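A.B. asks: compute the structure for the input listed below.
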Amino acid sequence: MRYGYCLHGPAQVSGLLAILLLTACANIGNSAGPAAQVQLTSALEYRAIDEELLRDPFVSMRVQLCEATGGSHCRTLRMPIDTLSALDSPGPVIAFITLHGLSGGLNLHVTCAVTAPNHEVTWSVDLPARTPDDFSPHLPFYRSTTIPSRAFERPGVYIVTVSTDHGGLTQTDLTILPEHEP
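C.D. replies: Numbering: from 1, shown residues only. Predicted structure coming up:
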């Protein structure tokens, strides 16, 4: 199992952030250079950090710092609760983004965009981030953003694309099903 560092929401960059939003990711594999993955979910939840992750020097240092400064959720992870591939009606969706192969002290921009069935972009956001200076490239780096329901205006297959200014690119789809009359 490989693990990573997570930022949630727009530009939260406190010292405790490293611990509040650490996240686990299973079976990532090794890739050369930056790579990206996106998972669509209805919500994120806190889960206890497992012992393997706590043994990672980067993580244990962040846990100790968090606890020393009275932080909350120092020994928990923010994780997606499900994976969405279809919705009965338009609604907000969280894009949980995983970036691999990033070095420490790296400034980057992550862009998340939604393309409608008619090939028009219905929503886009730029998520600036910086990896901690002591961040290890073997750890995944996480971002998440809430995609508003207005991005999914009518039934059809929408494409959610994630890209970075350092070469990572991925996409997934979400089907909005037609509403059924009772």
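
A.B. asks: would you mind listing the buried residues in stretch 136-156?
C.D. replies: For stretch 136-156, a neighbour-count test (16 or more other CB atoms under 10 Å) marks Ser136, Leu139, Pro140, Phe141, Tyr142, Arg143, Ser144, Thr145, Ile147, Ala151, Phe152, Pro155 as buried. No exception for glycine: its C-beta is placed from N, CA and C like everyone else's.

A.B. asks: columns pLDDT and distance to Val93 on top of the residues you listed, output as CSV?
C.D. replies: Listed next are these as CSV, based on pLDDT from 0 to 100; distance: CB to CB, whole Å:
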residue, pLDDT, distance to Val93
Ser136, 79, 30
Leu139, 80, 26
Pro140, 80, 21
Phe141, 87, 21
Tyr142, 87, 16
Arg143, 90, 15
Ser144, 93, 11
Thr145, 95, 10
Ile147, 96, 5
Ala151, 93, 8
Phe152, 91, 8
Pro155, 91, 15
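
A.B. asks: which of those residues fall in strands?
C.D. replies: Those of these mapping onto strands are Phe141, Tyr142, Arg143, Ser144, Thr145, Ile147, per DSSP state E.

A.B. asks: out of the residues you listed, which is nearest to Arg75?
C.D. replies: Ranked by distance to Arg75 (CB to CB), these are led by Tyr142 at 17.2 Å.

A.B. asks: identify the bridge partners of the closest one.
C.D. replies: Applying DSSP bridges to Tyr142 yields these beta-bridge partners: Cys6, Thr98.

A.B. asks: surely it and Leu99 touch.
C.D. replies: Yes. With contact defined as CB atoms under 8 Å, Tyr142 and Leu99 form a contacting pair (7.4 Å).

A.B. asks: which residues touch the nearest residue to Pro90 once chain neighbours are set aside?
C.D. replies: Nearest-residue entry for Pro90: Phe152, 4.1 Å, with adjacent residues in sequence omitted and distances by CB to CB, 6 or more residues apart in numbering. By CB atoms under 8 Å, 6 or more residues apart in numbering, the residues touching Phe152 are Leu87, Pro90, Gly91, Val93, Val114, Thr122, Tyr158, Leu174, Ile176.
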